[in-house]
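Asker: This is the structure alone, sequence omitted:
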């Protein structure tokens, strides 16, 4: 049997099941399957791959997934879902309406911190004046959160997304230029509007990819990588599945360092192994609702910490 030819390093731009679409340096794309379990790739992976020899079908083979800079994923009690690898930031898009879940937002931020990926929060629908004012107020702890520097820890961006808004396009590009950004957002937040604003051909691309991967649907059933510019320097990665964000890959004692407002005070506790739940001399508990303090921790953030600590301490249920 004739061996296929080894191609230059490729980039995984879509995946569905065990198949994925690999982009060559010249921009051409090919459906590939992994040779074995170790070569199972996710979107954003750089891979070594082989083009089939004449008469051996159209699919390429992924020989090896190259070492990752990072991996953004979630893990519940049953399974792990990888969103994307080798990304520069995560854009979490929420809206003034429908009302966003702070717990869901906090979980996505914690997963980003755990993978050492910069998160950016965007609040859509600033045209809905009263709902937006309420949502912006709820984001106060995130807008004012510091961790050892003068600059706020999280960027929080107000938006009013439509598919023809040049103002929003310019504001977003300022934060996205030259980076690979994973976009996450619950249903109704305006995620597809954002993708179509920045990548006008996105709908057509999604349709082509899903047909090619035989998913039979013209919706995003899997994570997809889009280039925003012709130079292929700025990328958006669209991923479904924001509803349940399991964090079982994070140990309960690692939780505080993934929540910057809580982590900033944790080192000052009386006991080095403080859980920040009941111990005497806990510097974290002393800051909850201490509004006159520069290290003030909001009651809602502390409640999320308590709930997550309990959830992560419970371990798997068999």
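Answerer: Received, thanks. What you see is a predicted model, and the numbers here were worked out from it, not measured in a lab.

Asker: From now on I want contacts and neighbour counts done on CA atoms only, so please keep to that.
Answerer: Will do.

Asker: domain assignment for the chain?
Answerer: 5-65, 71-238, 252-314 (automatic domain parsing).

Asker: From residue 31, how far off is the residue nearest to the spatial centre of the chain?
Answerer: By Cα atoms, centre = their mean, the chain has its centre lying nearest to residue 90, at 4.3 Å. For residue 90, the distance to residue 31 equals 26 Å [Cα to Cα, to the nearest Å].

Asker: Kindly report the same for residue 84.
Answerer: 18 Å.

Asker: More neighbours: which of these two?
Answerer: More crowded of residue 84 and residue 31, by other Cα atoms under 10 Å: residue 84, with 26 against 21.

Asker: Scan this protein for its longest helix.
Answerer: helix 299-314 (DSSP state H).

Asker: And it, what's buried?
Answerer: 301, 302, 304, 305, 308, 309, 312 (16 or more other Cα atoms under 10 Å).

Asker: now do stretch 75-83
Answerer: 75, 82, 83.

Asker: isn't the first one right up against residue 246?
Answerer: Think residue 75. Yes. Counting by Cα atoms under 8 Å, residue 246 is a contact partner of residue 75 at 4.8 Å.

Asker: Pull up the overlap in contacts between these two.
Answerer: Residues touching both residue 75 and residue 246 by Cα atoms under 8 Å, 6 or more residues apart in numbering: none at all.

Asker: quick one, what contacts the closest residue to residue 251 other than its chain neighbours?
Answerer: Leaving out its chain neighbours, the residue that sits closest to residue 251 by Cα to Cα, 6 or more residues apart in numbering is residue 312, at 6.5 Å. By Cα under 8 Å, 6+ apart, residue 312 lies in contact with 247, 248, 250, 251, 252.

Asker: cool, and residue 21?
Answerer: Counted by Cα under 8 Å, 6+ apart, residue 21 has contacts 12, 13, 14, 15, 29, 30, 31, 32, 209.

Asker: I'd like the list of those residues that fall within strands, please.
Answerer: Of these, the ones assigned to strands by DSSP state E are 12, 13, 14, 15, 29, 30, 31, 32.

Asker: All the strands of the chain, residue numbers only.
Answerer: 5-6, 10-16, 19-23, 29-34, 46-51, 60-65, 71-75, 80-85, 89-95, 118-124, 155-158, 180-184, 224-227, 235-238.

Asker: helices or strands up against the second one?
Answerer: Secondary structure elements in contact with strand 10-16, counted by 3 or more Cα pairs under 8 Å, 6 or more residues apart in numbering; DSSP states H and E, are strand 19-23, strand 46-51, strand 224-227.

Asker: Give the other helices and strands that the shortest one contacts.
Answerer: Read it as strand 224-227. Applying 3+ Cα pairs under 8 Å, 6+ apart, one finds that strand 224-227 contacts strand 10-16, strand 235-238.

Asker: Residue 189 contacts residue 93, doesn't it?
Answerer: Yes. Contact criterion Cα under 8 Å: residue 189 and residue 93 qualify, at 6.3 Å.

Asker: Show me what counts as buried in stretch 91-103.
Answerer: Buried residues in stretch 91-103, counted by 16+ other Cα under 10 Å: 91, 92, 93, 94, 95, 96, 97, 100, 103.

Asker: Now render the strands of the chain as CSV, adding distance to residue 284 and mean pLDDT.
Answerer: CSV is the format used below for the strands of the chain (distance: least, Cα to Cα, whole Å; pLDDT from 0 to 100):
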stretch, distance to residue 284, mean pLDDT
strand 5-6, 55, 72
strand 10-16, 42, 91
strand 19-23, 45, 91
strand 29-34, 47, 90
strand 46-51, 41, 92
strand 60-65, 42, 91
strand 71-75, 26, 91
strand 80-85, 31, 90
strand 89-95, 26, 96
strand 118-124, 23, 96
strand 155-158, 23, 93
strand 180-184, 30, 97
strand 224-227, 40, 94
strand 235-238, 36, 96
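
Asker: who wins for proximity to residue 266 among those strands?
Answerer: Comparison of the strands of the chain against residue 266 by Cα to Cα identifies strand 118-124 as nearest, at 21.3 Å.

Asker: Paired strands for that closest one, with orientation please.
Answerer: Note on strand 118-124: by DSSP bridges, its sheet partners are strand 89-95 (parallel), strand 155-158 (parallel).
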